[in-house]
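*Asks:* fold the stuff below for me.
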Amino acid sequence: MTLPSHVPVLIAGGGPVGLTLAALLAEYGIASLTVEADDDYCSGSRAICISRRSQEILGWVDADQPLMATGLAWTGGRSYFRDREVLHFEMPHDPLQRYAPMVNIQQYAIEEYAHQAMQRRPGLAALQWSARVLGLQTDPDGVSVQVQAGDQRQTVRADWLIACDGGRSTVREAMGLKLEGMQYEGRYVIVDIEQESQRPVERLAWFDPPSNPGSTLLMHRQPGNVWRVDYQIRDGEDPEEAVKPENVLPRVQSHLDMIGETAPWKPLWISIYNAKCLTLDRYRHGRVLFAGDAGHLVPIFGVRGLNSGLDDAGNLAWKLAWVLKGQAPDSLLDSYSVERVHATRQNLAYGAKSTEFMAPPDFGFRLMREAALRLALVDEAVRPLINPRQSAPISYDASPLNLDDGAPQAGPATAPGQPAPDALLQEGGAPRYLSACFGAGFVALALAPDAALSAELDALAAATQDAPHPLRVLRAGADGLRDAHGQLRQRYGDAPSTVYLLRPDGYVLGRWTAPDAAILRAALAPYYPSVAATATKKGQA
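*Replies:* This is a model prediction of the structure:
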């Protein structure tokens, strides 16, 4: 197999993050080559809980529809101490939302859907199986990457190299970079079994269950009549022995007996895991960028691993596209590192708390956990302490991209750096979700703009028409999108002529009440040079 000698973007690693990033770049018109050491999608369930934010990102490449058609949506879960329920939690949701809070689906399905999205743009997104990175040399203008593809060793020159090659990243190792943080000793066996069940789709957790005394056990239903079972092994138990079927299957059978799941079953996949809270301190190193597990390892508890990797892809894709299309200087990519390292540190903080509860690292933590569980049996006020804190979008409060807040009265939920809340609107008689407008260019959302502001927004949109992804103007009000359910008013305020400038990845860049033309042009000029040129011509005139 012969690889191209030069590509704009080389993606090392064809897991869900690398494939999603390739599909996103293709949507922006950026060509990439993804090299993957394996010869097919991954085996076993691996990451299984896909958050609302991740569903939105996959929707930017039309990979959300098969996910929603196949995956199992869920909104909450239950925790048990021994055989008694101590927590029933519900994540925020309502029937008008575009996506469920979480969808259970095996990781290999996400890889397949992202790959299908790539294949819809064959001239822009290529994937080479059975090809691995061997080494690399960087310079100010790009990266020369040595790749083993089949029986050939080749050099591929890339303008940019994106490392999505997982926790054992070859790219990271070749650059002499190390993940920093902590690793927990507690280990969990992960088992996929096939068994029919009529139970609701929920996150289920047992602490010290009679079926497996002294252990913690988790269960999730997955498509295809598959149960995902995770259980903690005992201190001192040999990990190699722990994953042998003769030791795994009796423990699974004991638990199925306890909860009354009596249908025949068979094992599909067995693995072992221990929690890690590790990250690079920077995700940009010259022309090399890191995403997903190559840059950070997050505990599975709270399902932040794959979801944070997909958020990396959503953040990076538009910025790299803007740089490669000449719409912005490459310093824009520094904000990718700033924002996503911040997000990782937030995820690690939550993940560490969850891990210390799910797999207590020492006697003191075990004692406090048992005290909390015992109190939760009789005191509802204690129960929130054992809430697993599911994944949620991270705000970029200190992002270098944030603009001064020109509408603080609208509230903190839509301030610069916040993920823009979704809202179900109506255009004519058809429903339209605000989030469906993300994933392309910038969006200007104007609440009941007056005639002068509306004309200025039209002028700005016209000035960007020759850009690869022009500005999109959305007007909410009598002559535009109707807020039939009151969600826009509730989440964005109701001050007339308020304008929100939203980034391609759905984050708030800036907001103002009745802004003048100069403010809006200054906000857009770093991303649309044509806006700056138009302003200069006006000034000269």
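
*Asks:* just the pLDDT for residue 21.
*Replies:* Residue 21 carries a pLDDT score of 98 in this model.

*Asks:* distance check, the nearest residue to residue 268 once chain neighbours are set aside against residue 108.
*Replies:* Using Cβ to Cβ, 6 or more residues apart in numbering and skipping residues adjacent in sequence, the residue nearest residue 268 is residue 192, 4.2 Å away. Where you see a C-beta, it was placed from the backbone N, CA and C, and this is true even at glycine. Using Cβ to Cβ, to the nearest Å, residue 192 is found at 11 Å from residue 108.

*Asks:* between these two, which is the more surrounded one?
*Replies:* Comparing residue 192 with residue 108 by other Cβ atoms under 10 Å, the one with more neighbours is residue 192, at 22 against 17.

*Asks:* what's near enough to touch that one?
*Replies:* When contacts are counted by Cβ atoms under 8 Å, 6 or more residues apart in numbering, residue 192 touches 44-45, 222, 226-229, 267-270.

*Asks:* the residue nearest to residue 268 pairs with what?
*Replies:* residue 228, residue 269 (DSSP bridges).

*Asks:* hey, where'd the strands end up in the stretch 401-541 of the chain?
*Replies:* 424-427, 430-433, 443-447, 472-476, 498-502, 508-513 (DSSP state E, counting those that start in this stretch).

*Asks:* using a markdown table, lay out those strands together with mean pLDDT and mean neighbour count.
*Replies:* Compiled in a markdown table, these are given as follows (pLDDT from 0 to 100; neighbours: other Cβ atoms under 10 Å):
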| stretch | mean pLDDT | mean neighbour count |
| --- | --- | --- |
| strand 424-427 | 94 | 16 |
| strand 430-433 | 94 | 14 |
| strand 443-447 | 98 | 23 |
| strand 472-476 | 96 | 19 |
| strand 498-502 | 98 | 24 |
| strand 508-513 | 98 | 23 |
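
*Asks:* could you pull out the helices for this structure?
*Replies:* Ranges of helices within the chain are 16-27, 52-59, 64-70, 107-119, 170-174, 239-242, 245-259, 305-324, 332-358, 363-376, 451-463, 487-492, 517-524, 529-540, based on DSSP state H.

*Asks:* list the buried residues for the third one?
*Replies:* What it means is helix 64-70. Going by neighbour count (16 or more other Cβ atoms under 10 Å), the buried part of helix 64-70 is 64, 66-68, 70.

*Asks:* touching, residue 7 and residue 30? I think so.
*Replies:* No. The criterion here is Cβ atoms under 8 Å, and residue 7 misses it with residue 30 at 10.1 Å.

*Asks:* got a pLDDT number for the residue lying closest to residue 255 once chain neighbours are set aside?
*Replies:* In this structure, residue 255 finds its nearest non-sequential neighbour in residue 211, 4.0 Å apart by Cβ to Cβ, 6+ apart. We note a pLDDT of 94 for residue 211 in this prediction.

*Asks:* need phi/psi at residue 211.
*Replies:* phi -70, psi -30 (degrees, to the nearest 10).

*Asks:* that one contacts residue 217, correct?
*Replies:* Yes. Using Cβ under 8 Å, residue 211 is in contact with residue 217, at 7.4 Å.
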